[in-house]
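Asker: build me a model:
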Amino acid sequence: MLDFPAPSAGPPRAPVPPPGLTATFNVGPPSSPLLPKPGAAVATRVAAYAWGAAPFVSPSGAAKAGVLSLTRSLAIEWASFGIRVNAVSPGAVITKNASGNLGYADAESQERLLHTIPARRFGTSEEMALGVLYLSSPAASYVTGDCLIIDGGQWLHAGMFAQT
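Answerer: Numbers count the residues shown, from 1 in each chain. Predicted structure coming up:
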């Protein structure tokens, strides 16, 4: 969470990185010796609001943008070792945790959310897993530093936080 000191609190302190970025950074680079070489593939997870803005999620949005940048930087650093690093940006999937945490647990909220998805349906956990499988497979052997967005076109429309 960013720390904005009161005017009398003295000089600003360095912001604390959001947990999503910290966790990815702490696991990513130190894990490189554990990866088989060559041909290894790493997939990180990035929320669609890494590309834009959304209300009330600024720490998370900043973290996701940082994860995307870290993903791309690691793709460059590890490419010569035969390790590919990509990201997946999942769209709305109706699960208990996601629906509750992101505010679309009730039918009315889900209906509003569907209007922000050009495909006019929610994704499935299986579709998200297949995206990761693709990025980890030989079919993506020349893909690195990219982000596969699996959201039915939602990020192109206005994102999950669009006002409809």
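Asker: helices or strands up against the lengthiest helix in the chain?
Answerer: As assigned by DSSP state H, the longest helix anywhere in the chain is helix 58-79. With contacts taken as 3 or more C-beta pairs under 8 Å, 6 or more residues apart in numbering; DSSP states H and E, helix 58-79 sits against helix 19-31, strand 41-45, strand 84-90. For glycine as for every other residue, the C-beta is placed from the backbone atoms N, C-alpha and C.
Asker: what part of this structure, helix or strand, is modelled with the least confidence?
Answerer: helix 19-31 (a mean of 61; mean pLDDT, DSSP states H and E).
Asker: ok, back up a step: so the longest helix of the chain versus strand 84-90, what angle?
Answerer: Between the axes of helix 58-79 and strand 84-90, defined by axes from the mean of the first three to the mean of the last three C-alpha atoms, to 10 degrees, the angle is 150 degrees.
Asker: buried residues in helix 58-79?
Answerer: Neighbour-count burial for helix 58-79, counted by 16 or more other C-beta atoms under 10 Å, picks out 59-68, 70-72, 74-75, 78.
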